[in-house]
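1. got a predicted model here, sequence first, then my questions.
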Amino acid sequence: MANEFYALMGRMRYITRWGLMRNTFSENISEHSHQVAVLAHALALIRRDILKLEGPNPDRCAVAALYHDASEILTGDMPTPIKYYNPDIKGAYKQVERIAGERLLTMIPAELRQSYEHLVLEDDAEVTPIVKAADKLSAHIKCLEEQKAGNTEFDSAAKQTWEAMKEMAMPELDWFLDNCLGAYTLNLDQL
């Protein structure tokens, strides 16, 4: 039977992130993917409607972000320090992700596979940079939330994610950082 894909997608909530870190609160890839979708949509809208730059359709970015970690249903979430330890490990892990993505595609009805292919394999060249920026932004927001809760375990990760976002040199991301990020350090009463 080739229809297990949707049931597997529902299992994203069982895969936790930040496995090597002491977390004040846990985060699963389902929650993370939702946040990345919201952020990718926002970044694409900022690019189009505020900065008046050409770019991918915001709805396409949001949908791609929902599936950007789909392969982790089969592979689990590999911690960043391991995944990017050296080029050989990074390349091998990219291959593992690709194989997992291809396997997931076999679990979708044949008539729908083409519609999911770019989403699951993350190979849409126009959308991928926005989703990657949103993914890094989501990681940075997690760091800020942990720091706000007094967890200094995330101090280095906050610095690294900040530097990585600045290196992306994306005007829509910079606009978000300048105009929206500060709100994540506020409590409910301050919002």
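-> Everything's here; your move.
2. what about His68, how many residues nearby?
-> His68 sits with 24 neighbouring residues when counted by other Cβ atoms under 10 Å. C-betas here are computed from N, CA, C, even on glycine.
3. list the contacts for it?
-> Residues counted as contacts of His68 (Cβ atoms under 8 Å, 6 or more residues apart in numbering) are Ser33, Val36, Glu122, Val131, Asp135.
4. which residues does the residue positioned nearest the centre of the chain contact?
-> Closest residue to the average C-alpha location of the chain: Asp135 at 3.1 Å, with Cα atoms, centre = their mean. With contacts defined as Cβ under 8 Å, 6+ apart, Asp135 is in contact with Val36, Ala65, His68.
5. quick check: which element contains it?
-> Take DSSP states H and E as the rule and Asp135 turns out to sit in helix 128-148.
6. give the buried residues for that helix.
-> Within helix 128-148, the residues that count as buried by 16 or more other Cβ atoms under 10 Å are 128-147.
7. from the chain's centre, how far out does it sit?
-> 7 Å (Cα atoms, centre = their mean, to the nearest Å).
8. now do stretch 174-186
-> 18 Å.
9. span of it from start to end?
-> Length of stretch 174-186, first residue to last, Cα to Cα, to the nearest Å: 20 Å.
10. any idea of the mean pLDDT in that stretch?
-> For stretch 174-186, the mean per-residue pLDDT is 96.
11. other residues contacting that stretch?
-> Contacts of stretch 174-186 (Cβ under 8 Å, 6+ apart): 39, 42-43, 46, 50-51, 137, 140-141, 144-145, 148, 165-166, 191.
12. packing partners for whichever helix or strand Ala62 is part of?
-> Ala62 is located in helix 58-66, with elements delineated by DSSP H and E. If contacts are counted by 3 or more Cβ pairs under 8 Å, 6 or more residues apart in numbering; DSSP states H and E, helix 58-66 sits against helix 29-45, helix 110-121, helix 128-148.
13. lowest average confidence across those, which one?
-> Mean pLDDT is lowest for helix 110-121 out of the helices and strands packed on helix 58-66, coming in at a mean of 93.
14. in that one, what counts as buried?
-> Going by 16+ other Cβ under 10 Å, helix 110-121 has these buried residues: Arg113, Tyr116, His118, Leu119, Val120, Leu121.
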